[in-house]
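Undergrad: Would you be able to build a 3D model of this:
(chains A and B)
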Amino acid sequence: MSTGYQIVVCGSIVPDPLQTLEPIETPGGPGLKNEMLLPAVLDPWAGHALFEAANLASRVPGSKVWLVSLGAKAKLQQVMMTIAQKVSFELLAIDGPGSGFADAHSVSENLAEAIAGIPGLDRSRLLLFGGWESASRGAGVTMQMIGERLRILDQFQGVDQINVHVDGSLEIMERVEGGRHQVSVCQGPPALLGWATGNLPEPRNNPQIGMLNMRTVMPALQHAKTGAVAPNGLRYRSVNPPKQQRQTRIVKDMSADEVAREIAEWIGRK
Amino acid sequence: MSAAVSESSTTVERQQMAVDIACVGFGPAMGGFLTTLSRSLLNAEGTPRFESASLPGVPLQVVCYERADGLGFGVSGVVTRARGIRESFPGLDFAEIPMAVPVKTEKLVYLLDPGKASRRSLVLRAADRCIRAFSGLFSLRDEGIELPFIPGFMTKQDGLVLSIGQFNLWVGEQLTSSGLVQIWPSTPVSGALIENDGVNGVRLADQGTELDGSPAEGFMPGMDVRAALTVIGDGPVGAVGRGIDAHFGLPQGHGIREWALGMKMVIELREDCRLEPGMVLHTLGYPEPEIFGFLYVHPNRLVSVGIFIPSWFRNPARTSYRYLQHFIQHPYLWRHLEGGTLKSWGAKSLQESGRHGEPFLVGNGYARIGEGSGSTNVLAGSGVDEAWATGTQLAEAVLDLLEEKKAFTRENLRNAYVRRRRASWVDQESRVACDSRNGFPYGLIPGLLGMAIAGVSRGKVVIPARRPSPNKVTPSLKEIYGGRIPQAELKGMAEDAIAGGLPLHDQIMNRLGWPEVPYDGKLLVSQQDALLMGGSVQAPPGYANHVVFVRPEVCRECEPKLCVEMCSGQAITRGRDGLPNFDREKCVYCGACLWNCRAEIGGELSNVDFRAGAGGLHSALN
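TA: Residues are numbered from 1 along each chain as shown, chains lettered A, B, ... in the order given. As a prediction, this is how the structure comes out:
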């Protein structure tokens, strides 16, 4: 492949899961207490997708990576300062509500429109990456709906690995039950891959990459269009936040067997 | 030991990058520097005012590296007069900054010891008895007396209550959105690049290493970032500032000998609690006479409450966390805090030498700002505003030098920055304050008297200095507890602590009558649970340990081990071989181990080296 891939990664922000996240009812629907005070991180699932995209782009000359993000601009900016040192990408920012994945239909419309508007986008080279799931309040269907809007027929979810064959076809491993993978082969782009965790470690910080990325990231944020998510308003018929249970004990050097036995005992008491 | 990097010692091939101004540490001082600088980097028509010398053809390249994973992970809830901050943001509605609120009421409260376990002198005990006997006269309520006035040099009546975490985040957002400066979190700096008689930039920490710093899989040597000017604002325990001090020394007669550990909680009050946002309490007298405390009320039923453990607290069984738990349970405070929920927690070392700890403020290619530059006013108990102001002063100086196309030499920086600083209120007030705490090594009452005399006389009359290194003032267990706990029992406690790998303080405090803390799982929680409830500690793999015991054989013989007693996160524990163990997954980067080390190596240097490291406490509300 002489011209390389055009890899577009959809990924937004979520509150830092290391904070205490307390679900509450807000006038705009279910939310988190003090959400705007909480630091944000790139949705971990989307993070894996971004790192995989960068890795693939580095192996196929002529490839380029875009990151398309819908989220509150101030929070997007904060997150970019952390991830822009890790891999090279061009940001396409859409200013929208913090919980941007609350309404998959509307969000997918915004993202698909933004992707379709990327200058010089060549569908025959397009790989659309994103998180298989979202750590936010998503229903896990946003990527699929973006693909449908962009008429991408080859869609894969729960992806852990992609291999490029010499003929340009793509071998893709999707997670299935029991820790096994389903292996599929498609002819090549366009294809949509909703990533699970992949196999790559988080890249090291590289200040030079950061400096280069910032030349496009800040203008992208400054010129971010406002995304109209659910312009007619969302109405929540019912909301069931997960039952929270956290019992923490820090122990070093405990064997896996002991940990398993203790967890089994704990579950048995419930 | 030095965190400065001597270029001749470089053996690994490193990537190089050139910028114009490299900054280290993003706190209030750097916020002030970058805010002032960035506002003058464009001409009126929006074109760059200064061209980069490192990358000709592009605007001035200003890059700031911060160790923590986020700009909002600073640890401090403060009350500040905010003179410098207001000057930078005239007309700003501070309600735009989360958790900020103007001071409404301010009280200074003397707390009695309800459990009679505190180490009070005979004079203080007599005073307490007198207060209780004439409780009506003293308006004693819930074991506390609200003093009728606050000395003018201490009051913050016209100030602001802030969460430094949220304030830093807000300032950082303004700066990065301008696109004129870059701030990179999660980027520890291992030291300054020192060449000949100057600083030529900074070296970032190596990545992909084992805990001892040796290369591991994916080793990526820290990049050398070259800069015409390096601005150091990495605080009192920052590796870059201390490295420069180690290399260039301190000015004649200066020494960093007084410290304190500030530990605090952010608590959400119960719903029926009606403390008014903007209320400020300063306390003294409890849990020990040497420990000062505070409570600041933020909007939305949040309060910051905490204590300061000073280096002159002559007690080998130091523990900030347990003392903090007893502090919040004092009846005067507990009536408000009971039923509350712990939202955040953190600790930080404060450099309390003030002007006596001031390093060389400038040198060829570098300048120092903020707390690490000795800007804290130890009389007013104020550091944030002063730090911010030193940053703005340096920015004005740098803009002058850029405009005049002058190099960042020692001489030019001295004329442009140091002269400005010397003429400012920060410096003038620090002169008044510099000897105001001389009395505390003699005791609480001489200390308070000394502050009052220095404050009233504007620093003209002070108690003579007795300022030994903190390493030398902490007595042994026998000296301090010999009269209350039999020697054999003390010895047994020490042996138990060594065998169990535990600090001593719990045993000693229990023995002296401090009650066990009644954990409720919401507010009164174990130290380990606080590490998880107040945000979480992160220790990303691939970085070397940042706490290093330089000569382990010295640690083996050291007892009691204050590094263990004082460790805010219980990250340093006793090993069975007599050596302290460090677990960075619990380290909150407070730096207490650095100045609590009792070992003497090369004069005042500690046996603990506090190096550059990544991660730390993810705490948003601090």
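
Undergrad: Surely residue B:344 and residue B:620 touch.
TA: Yes: in terms of Cβ atoms under 8 Å, residue B:344 counts as a neighbour of residue B:620; the distance is 7.0 Å. All C-beta spots, glycine's among them, are computed from the backbone N, C-alpha and C.

Undergrad: which neighbours do these two share?
TA: Taking Cβ atoms under 8 Å, 6 or more residues apart in numbering or on different chains as the contact criterion, the common neighbours of residue B:344 and residue B:620 are residue B:535.

Undergrad: Enumerate the residues of the stretch 451-600 of chain B near chain A.
TA: Taking Cβ under 8 Å from any Cβ of the partner chain as the criterion, the stretch 451-600 of chain B approaches chain A at residues B:528, B:529, B:531, B:532, B:533, B:535, B:536, B:538, B:542, B:583, B:586.

Undergrad: Report the buried residues of the helix or strand encompassing the second one.
TA: Looking back up the chat, that one is residue B:529. When elements are defined using DSSP states H and E, residue B:529 is found to belong to helix B:527-533. Of the residues in helix B:527-533, those buried under the neighbour-count criterion (16 or more other Cβ atoms under 10 Å in any protein chain shown) are B:527, B:529, B:530, B:531, B:532, B:533.

Undergrad: Look at whatever residue of the stretch 401-550 of chain B ends up closest to chain A and report its pLDDT.
TA: Shortest the stretch 401-550 of chain B-to-chain A distance, computed as Cβ to the nearest Cβ: residue-wise this is residue B:536, at 4.0 Å. With respect to pLDDT, residue B:536 scores 78.

Undergrad: Give me the phi and psi angles of it.
TA: Residue B:536 adopts backbone torsions of phi -120, psi 150, taken as degrees, to the nearest 10.

Undergrad: With the one 10 residues further on instead?
TA: When quoted as degrees, to the nearest 10, the phi and psi of residue B:546 stand at phi -100, psi -10.

Undergrad: Can you give me the distance of the residue lying closest to it once chain neighbours are set aside to residue B:55?
TA: Nearest in space to residue B:546, with sequence neighbours left out and distances taken as Cβ to Cβ, 6 or more residues apart in numbering or on different chains, is residue B:613 at 2.8 Å. The span separating residue B:613 from residue B:55 equals 30 Å under the rule Cβ to Cβ, to the nearest Å.

Undergrad: In terms of neighbours, single out the busier of these two.
TA: Neighbours were tallied for residue B:613 and for residue B:55 using other Cβ atoms under 10 Å in any protein chain shown; the higher tally belongs to residue B:613 (21 against 15).

Undergrad: For the more buried one, give its distance to residue B:548.
TA: Counting by Cβ to Cβ - residue B:613 and residue B:548 are separated by 10 Å.

Undergrad: same question, residue B:158
TA: As for residue B:158, its distance to residue B:548 is 44 Å (criterion: Cβ to Cβ).

Undergrad: Neighbour count: these two, which is higher?
TA: Residue environment comparison for residue B:158 versus residue B:548 gives the larger neighbour count to residue B:548, 17 against 11, counting by other Cβ under 10 Å.

Undergrad: which element is residue 151 on?
TA: Unless you meant another one, I'm taking chain A. Using DSSP H and E, residue A:151 falls within no helix or strand.

Undergrad: and it, how many residues sit next to it?
TA: 9.

Undergrad: Okay, helices next: where are they in chain A?
TA: With DSSP state H as the definition, chain A shows helices at residue ranges A:44-59, A:73-83, A:104-116, A:142-149, A:207-222, A:256-269.

Undergrad: Which other helices and strands does the fifth one contact?
TA: In other words, helix A:207-222. On a contact count with 3 or more Cβ pairs under 8 Å, 6 or more residues apart in numbering or on different chains; DSSP states H and E, helix A:207-222 meets helix A:73-83, strand A:90-95, strand B:16-24, strand B:62-65, helix B:164-178, strand B:182-184.

Undergrad: ok, residue B:76 touching residue B:349?
TA: No: contact between residue B:76 and residue B:349 fails when scored by Cβ under 8 Å: they sit 11.3 Å apart.

Undergrad: Between these two, which contacts overlap?
TA: Between them, residue B:76 and residue B:349 have residue B:262 as joint contacts when contacts are counted by Cβ under 8 Å, 6+ apart.

Undergrad: where does the stretch 51-200 of chain A come near chain B, residue by residue?
TA: A:74, A:77, A:78, A:81, A:82, A:85.

Undergrad: got a list of what the fourth one touches?
TA: Going back to what we said before, that points to residue A:81. B:71, B:172, B:176, B:182, B:183, B:184, B:185.

Undergrad: Please convert the buried members of those residues into PyMOL selection syntax.
TA: The command below creates a PyMOL selection of those among the contacts of residue A:81 that count as buried (16+ other Cβ under 10 Å):
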select buried, chain B and resi 71+172+176+182+183+184+185
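
Undergrad: Mind picking the two most distant members of the contacts of residue A:81?
TA: B:71 and B:182 (12.0 Å; Cβ to Cβ).

Undergrad: Most proximal residue of the stretch 51-200 of chain B with respect to chain A?
TA: Nearest residue of the stretch 51-200 of chain B to chain A (Cβ to the nearest Cβ) works out as residue B:179 at 3.7 Å.

Undergrad: thought that residue was touching residue A:216?
TA: No: taking contacts as Cβ under 8 Å, residue B:179 lies outside contact range of residue A:216: 10.8 Å.

Undergrad: Leaving out sequence neighbours, find the closest residue to the residue nearest the centre of chain A.
TA: Central residue of chain A (Cα atoms, centre = their mean): residue A:46, 1.8 Å from the mean position. Counting by Cβ to Cβ, 6+ apart, residue A:11 is the residue found nearest to residue A:46 once chain neighbours are left out, at 2.7 Å.

Undergrad: Give me the pLDDT value at whichever residue of the stretch 101-250 of chain A sits closest to chain B.
TA: Taking Cβ to the nearest Cβ as the measure, the stretch 101-250 of chain A has residue A:218 as its residue closest to chain B, at 3.7 Å. We note a pLDDT of 85 for residue A:218 in this prediction.

Undergrad: ok, now residue A:100?
TA: 44.

Undergrad: same deal with residue B:473?
TA: Residue-level confidence at residue B:473 comes out at 61, pLDDT.

Undergrad: quick one: buried residues of stretch B:437-446?
TA: Along stretch B:437-446, these residues count as buried under the neighbour rule (16+ other Cβ under 10 Å): B:437, B:438, B:439, B:440, B:441, B:443, B:444.

Undergrad: roughly how far is it from the heart of the chain?
TA: Remark: stretch B:437-446 is offset 22 Å from the chain centroid, using Cα atoms, centre = their mean, to the nearest Å.

Undergrad: again, but for stretch B:221-232
TA: 24 Å.

Undergrad: go on, stretch B:567-586?
TA: Per Cα atoms, centre = their mean, the centroid offset for stretch B:567-586 relative to its chain is 21 Å.
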